[in-house]
Structure formats: C-alpha cells, structure tokens
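Sharing a model that was predicted from the sequence below.
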Amino acid sequence: MASQDTQQAPNASMEQRLAAVERVLEVRAHDKGLSVDGTMEWQEENLLAENGAKVVARAWTDPAFRQRLLADGKAAIAEFGIGLPAIQRQVYVLENTPAVHNVIVCTLCSCTATTLIGPPPNWYEDLEYRARVVREARTVLQEMGCPVAPETEVRVWDTTADTRFMVLPMQPPETIGWPEDKLASIVTRDSLIGVARLSGTGG
Amino acid sequence: MASQDTQQAPNASMEQRLAAVERVLEVRAHDKGLSVDGTMEWQEENLLAENGAKVVARAWTDPAFRQRLLADGKAAIAEFGIGLPAIQRQVYVLENTPAVHNVIVCTLCSCTATTLIGPPPNWYEDLEYRARVVREARTVLQEMGCPVAPETEVRVWDTTADTRFMVLPMQPPETIGWPEDKLASIVTRDSLIGVARLSGTGG
Amino acid sequence: MDGMHDLGGRQGFGKVGFTPKASPFQAAWEKRTYALRTMAGQLGVYNIDEYRHAVERMDPRHSVSASYYERVLTAIATLLVEKGVTTRAELEELAGGGFALSHPGAGGRTNAPDRKSFQRGERVRVRNDFVPGHVRLPGYIRGKTGVVMVEGPLTPFPDAHAHGLEAVDEPTYDVQFRSEDLWPGGAESAVIHVAVFQSYLEAVA
Amino acid sequence: MDGMHDLGGRQGFGKVGFTPKASPFQAAWEKRTYALRTMAGQLGVYNIDEYRHAVERMDPRHSVSASYYERVLTAIATLLVEKGVTTRAELEELAGGGFALSHPGAGGRTNAPDRKSFQRGERVRVRNDFVPGHVRLPGYIRGKTGVVMVEGPLTPFPDAHAHGLEAVDEPTYDVQFRSEDLWPGGAESAVIHVAVFQSYLEAVA
C-alpha cells in the first residue's frame, strides 16, 4: 500500500485522541471561562429538534407566523428566543406541499441548522446520503421510507454556504385543531430534514 | 457508520478468501487443463520487464528496428517472440527524447503492457499515482526522483482502452557502443513506465 | 480542491444507513467531540473555513474510513498543530499512540475582482474554476447554468478565509439548477438549490 | 458510472508510495491472486469488461481501503456469484469468515448509433454523457475537446460488453488533450493522451 505521510504509529483510540486535544486546550479554555463540559450542557439544552418542532407547530396554527417564517426565518425563530450561531447568517424555511417535497443535504461536509434541527443524525453525515441524494433523491427517499409521488417536484437543498435550511413538513390532516404543544410533539428531526412524513399517530 | 449491504461478518483473511475462490474454480479449471500453479509458472517466465528491456536495447542499437517498433509495436515485439494477451490489441512505444518525456498511467484501474513491463509495481496501482499523475505529472515525477526540465514536454498516457503503452527510455550516453545484452541489463521496469531515467552505472 | 469529500453525484454507494429517529451520536466520545469543536471554535484559534478545509485535507484513505467525528477531531488537531498551539509529538505523547493529521494545504485565492450582482430570475453560469485550495463550490455545478432565486447574506469569501488571505464579505446566491442539466441523461428529475458565492458566478451571455 | 475508482485529477492525495524497483507483489497471496485472475479469465465465465466493472462496483469504503489485489479477488468472487458458479454462502463457508462482494450493477448501453469516424488531426469533443453502468471514459475528459492522433484497434464496446448487451467492435482513438483545457488554471503543463472509444466522441462544429 502507499505511504501515508501523516501516519506512522497505529492511531490511538478515539477516546485517547480526544483526551489529548482536550488537554492541549485546557488552560486556554479556562482562561476564557470555557469548558467542554459546559459547552456540552449548553448544547444539550439548546441544540434540539424540539426547537424546530415548536416553530413548525406555530406555523401550522398561525398563518401570519407562517408567512413571517417563510419570508425571514431568522427573524421569525427569534420570536421563540431561538438564535443562530454567529456564522449562520440566515435560515430558509422550506415548505413541503402536495406539489413540492424539499429535502436538505450538505454534500461537502455536514452543515445543518443545529439550533432548529439539533446535531444531525449519523446517516446525514455519511458518504452515501451526501453522494446520492442530489442525483437520485427519489430513489433515496423511497429507500428511506419516504416515497415521493411522481407528480410531486423534489427540491434538494445543498448547504454549501452559511445559509441554513429547515423543512416545514406538511401537517397531517388528522391533527387539524390540535393544540400547538401536542402538534410540536409529533414533529421529528427526520421530518425537518425532509426524509420523513408525519402522522398524528407518531409514525 | 453506514450500512454496507455486502458486508456482515468480518472478512476472512485474504489467504482464506483466495483459497475459497480457488476451491470453487478447481474442477472447472481441471477440466480445461488449467491450474493456478501452472498459470503462475507461466507468468513468472513470460511477464517480465526483461522483455521490454530486450526490446529497448535492440531499439537503441538498431535504427531500422527502432523505426518498426515505433510504427507498429505489436509486430516489432513479435520479432522477439513476445506476444500480447488476446485482449491487448496493440502496443504504442513512446520515445523519450530531450524534448519529450512520456509517462504511463491507468487512472480507471491499473492496465499495463504486462508482457513487456511485467505485473506493475504496487505504487502504479495505488490511488495516489492514478489520481495525481495526469494533473501534476511534473511534481509527481520530481517527488519520484525523476525531475523533468521545464522546457521538456510531458506526455501522460492514460490506459483507458485495450491499447497498451511502453516507454522507450533515452539511452545513457555513457553506454553508447555497449553490446545489446549489456544494454538490456540496465533497463528497469520503472524506466519502461516513464518514472525513472537510466544510467550506465545502474542508477 | 477536487477532493474525495466532494461527494455530490458520486455513484457506486450502497443504501443510506438510515434508521428513523437515529441518534446523532454513536458513542460518548462523539458527543464530547461535538462540544469540543464548538468550544475550540470559540477560542478563536482558527475560523470555520480553515476548519472545513482541514477536514478536506485528510488523507483520502483515512477520511473515507473515518466516522464523521473522527474527521472532526482530526481537523481540530491538525489546526492546533499548524497554528502552533501544540505539536504532533505532544499530541501523540498525550494520546499514548499515533495521531494521524491532515495533509498540508496549498493555494487560496481572494474574491474574484470581476464579480457581479445578479437579480432574481437571472440565468447565471458557475465559472469553470479549478482551485487547489479550499472552495465551497461542489464539482457537480462547475460550468453549469442555473437561475438566481434569492440574494443571500454577506459572508467572508471562504477561498480566502480558509487560507489567511484577505476575505471580503460577499453575497451567496440561492441558485436553482435542474438535475437534468447537471447530469444529462444521468439523474432523477429534481430541482437542486445550491448556495453559490458571488465570486463563483458569471453572467450567461 | 461516476465511481470512486475514477481517480484522474482528484486532489488531496499524499506522495506516491514509490520505491525504485518495487516488487509487484507484497505477499504470496497477491502473486497467486494475479495468476488466479488470468486463469479465471481463461475459464470464460466472464469477460474483461465485466471484470473491470465488478472492481468498480465495490463499496467505496471497501475499495479505498483495500489493496489492489483485494480489489481483484473481490471482483472475481462477485462475478462467480453473479454468474451462478457459486454463492456467497458457499464462499464464506469455504473461507471460514465474511467475504464482502461488490454492489449490484445497473445500466449498460449499446454503441452510439450516430458514432462517426475521425481523421488524424481532427478536433473532437467527448460527449457529455452520464452513464450509470460501466464506461471507460474518465470523468476528467467529459465534455472536453482534444485532437485525434491515431485511430486505434477495434475493440468490443465496453459499456455494452460489461452488461451482457450486444457489443459491436469499434475503434478507440488516441486523443490528445492539453492539461490546461482539462483543468483550466488548475493543472501543471502537460499533454494527456487518452484512448477514447468512438461512441464517446462527437465532431466539433
């Protein structure tokens, strides 16, 4: 096999490599009042698909909010106190309808609107999804249990810059009239990415 | 990590997998009078860079042969009793000169004129060589110890069909007048691929 | 950089390893690496474009076989070494074993001096640029024509920002392509939206 | 198929693992696999294009991490299973462990009905074809223009031959490209010769 300039000894385990990097940054972090534990706690509380779910439930029940959300996602989610990391300049909310099915990917890495969707699931980061969904979205969605009717347009959004995307899934008809918090409880991370449809029975 | 449709149990060792395939083909091969051992013996005797070296030495010493070789490689090597496998339709012999440096690659797999060059060295099959040499041949050749002068044209030959290539390296000036068999002894496989120059002192 | 990370449209892959409602993290160290990435970013040692480029610069064999969070950690460690915060030797000593880093980078370029503004509905072509350094232009749109939908927010030009060059903020455009134009005869029918930096675009004559 | 095997021009790789006068084989099983490949070819169970396509159809993770001769053996085993000579279960039982095979294929196409003959010195363009199946067209020449140098020998059309379709023999042309045309602004100066099947080419208007 070929030389690998960057590799001689067998790699230490991931845990050991992580600990080494943490150790290197310890003093620097402490001086700035930062810590991995603290960051992890903050992320657990703030990077949640439940945030996106709340936004979706409001959009389903409040037509004026829905309008604001589709016009300026960043401003509309701020109404919930949800912000974006500094580098994420804007969020486009993509409305699924019977005529249009939206689905999100990041072919170059794995960028996501984490404050609305949470850290992305592992398959979103994997080579298969990133390679295939731009070129054969219908087959991929079918395989993932989310077939799209031939007459429905598929729109794939590739997150190649610091604009982020969130899908606004269709409201299941059987949930019309439900209260907002009950609606929020049925909205999944997968539906915010555009690879799952929702049902009132928690499909 | 992602599913791999084709993989469940950890793979058996290469030796075990090879033995399994051999076993599967055993009867079929026997019925045709073939065997892996027999094929291996034949290859050891016939797929040799020494063949190419003999051809090169003749081309260096016999201008008429050189002409025939450059005009129709397959016919010219037949003068030595060297044939090509049935699928290899023709051999282009590529003459290195002070003005032109030729180098061979197979970017899609690792095809080679094996009856002249022998089985290719491992680096020829590796991703690095296949990816880089078409786009940055000068840097690659420099790294491999075969720098090409800026005023010399680099020609890269990508073996994408069943035409094969062999480089005719430049004869080291200090070997002018040597007998053919002594000349053949200094011609290396690397020089037939175009990644090494030759010297009379066996560089 | 036409790296192996530029996956859009590559073929030969198997099914997506999808399970409904999958967890983002497969192990405790992954979750911790995710937090470490955010924290390290806040320390200001490197910027997001340098980080992305460090992921891209991983040896292709390492990158393809690594999990996402191994790629994340490798990029962070690479930058900490390149920025002089630590050394590979120190990392390996602390880790008690090898610590493969990314390959060195090359290139970098500043904003296109002739970049233009485009209007909604305008047809644009993605320049036929081949860039050795960091670039946020997926190969599958290079040289292709699409339609501008929205002028997006101003962002530092990543091709410069990843290489320590002066990166002027410029808009990204939401450009709509048809899969049939990107892969003639070789794609399922779909509309593909890509956020394209202004410097990557030219007017269609 | 735009697979990971189509490496020409991909960036991000390290130095070539070159040593002068390197051996072709790194282990006894490699040399034996090389002989097995030739012998298996002589048994006539599959043709060379089917074999090449079976290498290309390996899972990209497996392929990138495998040595050359692991790719060879995987392709042979895949074809023996696909042709009904054995089964994966039998192979795994004989091997006493797992035996990862290539992914199934798709596609295949016959010779271009409108293919033309070209003369030495004629400028030709490589068609902008996206083919799901086997193809001997490296991605880096797709849509590019070059000059015909030699009309080469007749060969069965691989895009058909790899898929059991009727493959008419057609010439390959030795086409000369300039690296500057293949990767504008992004390649070292060189002339690149590619053997291009007639069906892949069209006249430059």
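Happy to help now that I have it.

ok, A:Arg138 - how many residues close by?
18 (other Cβ atoms under 10 Å in any protein chain shown). To be clear about C-beta, it is placed using only N, CA and C from the backbone, and glycine gets the same treatment.

and the gap between it and A:Pro150?
Using Cβ to Cβ, to the nearest Å, A:Arg138 is found at 8 Å from A:Pro150.

Please apply the same query to C:His62.
41 Å.

ok, which stretches of chain C are strands?
Using DSSP state E, the strands of chain C run over C:123-126, C:145-156, C:169-178, C:191-197, C:201-203.

what's the domain layout of the chain?
No chain specified, so I'll use chain A. What automatic domain parsing lists as the domains of chain A is A:14-44, A:48-193.

my bad, chain C
C:1-105, C:123-203.

what about the residue of chain C found nearest chain B, how many neighbours?
Going by Cβ to the nearest Cβ, chain B is nearest to C:Gly17 of chain C, at 3.4 Å. Using other Cβ under 10 Å, C:Gly17 is surrounded by 18 other residues.

do A:Ala78 as well
Neighbour tally, A:Ala78, other Cβ under 10 Å: 12.

per-residue pLDDT, it?
The score at A:Ala78 is 97. That number is its pLDDT.

now swap in A:Asp162 and tell me
Taking A:Asp162 on its own, its pLDDT is 89.

Show the backbone phi and psi for it.
phi -90, psi 30 (degrees, to the nearest 10).

From C:Gln176, how far off is it?
A:Asp162 is 19 Å from C:Gln176, by Cβ to Cβ.

Following the chain onward from the longest helix seen in chain A, which element is next?
In chain A, assigned by DSSP state H, the helix with the most residues is helix A:14-31. Using DSSP states H and E, the helix or strand that follows helix A:14-31 in sequence is helix A:36-46.

Any part of the following helix or strand past that next one near chain C?
Sequence-wise, the next helix or strand downstream of helix A:36-46 (DSSP H and E) is helix A:49-61. No - Helix A:49-61 does not reach chain C (Cβ under 8 Å from any Cβ of the partner chain); its nearest approach is 9.4 Å.

what's helix A:49-61 packed up against?
Applying 3 or more Cβ pairs under 8 Å, 6 or more residues apart in numbering or on different chains; DSSP states H and E, one finds that helix A:49-61 contacts helix A:63-71, helix A:73-78, helix A:114-117, strand A:163-168, helix A:180-184, helix A:189-193.

would a markdown table of the ones you listed with distance to D:Leu91 be doable?
Converted to a markdown table, the helices and strands packed on helix A:49-61 look like this (distance: least, Cβ to Cβ, whole Å):
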| stretch | distance to D:Leu91 |
| --- | --- |
| helix A:63-71 | 55 |
| helix A:73-78 | 53 |
| helix A:114-117 | 43 |
| strand A:163-168 | 43 |
| helix A:180-184 | 51 |
| helix A:189-193 | 37 |
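
among the ones you listed, which is nearest chain C?
Going by Cβ to the nearest Cβ, the one of the helices and strands packed on helix A:49-61 nearest chain C is strand A:163-168, 5.0 Å.

so A:Val195 sits right up against A:Val148, yeah?
No - A:Val195 is not in contact with A:Val148 according to Cβ atoms under 8 Å; the separation is 10.6 Å.

between the two, who's got more neighbours?
Using other Cβ under 10 Å as the criterion, A:Val195 and A:Val148 rank with A:Val195 on top: 28 against 20.

Next, the more buried one: secondary structure please.
coil (DSSP: H, G, I helix; E, B strand; the rest coil).

What backbone torsions are found at it?
Dihedral angles (degrees, to the nearest 10) for A:Val195: phi -110, psi 10.

Pick out the residue nearest the middle of chain A.
A:Ile117 (3.6 Å; Cα atoms, centre = their mean).

dump the residue contacts of it.
A:Ala49, A:Gly52, A:Met166, A:Arg189, A:Leu192, A:Ile193 (Cβ atoms under 8 Å, 6 or more residues apart in numbering or on different chains).

picking that back up, out of A:Asp162 and C:Gln176, which sits in the more crowded spot?
A:Asp162 (24 against 15).

Just to check, the more buried one is in contact with A:Ile87?
Yes - the criterion here is Cβ under 8 Å, and A:Asp162 meets it with A:Ile87 at 5.2 Å.

What's the nearest residue in chain A when you look at chain C?
Closest point on chain A to chain C, by Cβ to the nearest Cβ, is A:Ala12, at 3.0 Å.

what about stretch C:50-64, start to end distance?
20 Å (Cα to Cα, to the nearest Å).

pLDDT score assigned to residue 8?
Because you didn't say which chain, this covers chain A. The predicted local confidence for A:Gln8 is 74.

think we crossed wires, I meant chain C
Predicted confidence (pLDDT) for C:Gly8: 98.

what's the burial count for it?
24.

Which residue is the nearest non-sequential neighbour of it?
A:Thr107 (3.4 Å; Cβ to Cβ, 6 or more residues apart in numbering or on different chains).

Could you rank the contacts of A:Ile117 by neighbour count and give me the top one?
A:Gly52 (30 neighbours).

Residue 87: how many residues sit nearby?
You didn't pick a chain, so chain A it is. A:Ile87 - counted by other Cβ under 10 Å - has 14 other residues nearby.

right idea, wrong chain: chain C
The number of residues near C:Thr87, taken as other Cβ under 10 Å, comes to 12.

pretty sure it contacts C:Val81?
Yes - between C:Thr87 and C:Val81 a contact is recorded at 6.1 Å, counting by Cβ under 8 Å.

circling back to that earlier point, so the residue of chain C closest to chain B makes contact with A:Asn122?
Yes - using Cβ under 8 Å, C:Gly17 is in contact with A:Asn122, at 7.4 Å.

one step back: so which of C:His62 and A:Pro150 has more stuff around it?
Set C:His62 next to A:Pro150 and count neighbours by other Cβ under 10 Å: C:His62 wins out with 22 against 7.

Show me what from chain C comes close to chain B.
C:Gly14, C:Lys15, C:Val16, C:Gly17, C:Gln26, C:Pro60, C:Arg61, C:Ser67.

From those residues, pick the one nearest C:His103.
Distance to C:His103 across the residues of chain C next to chain B (Cβ to Cβ) is lowest for C:Pro60, with 9.4 Å.

In this structure the closest one contacts B:Leu127, no?
Yes - applying Cβ under 8 Å as the test, C:Pro60 and B:Leu127 come out as touching, 6.5 Å apart.
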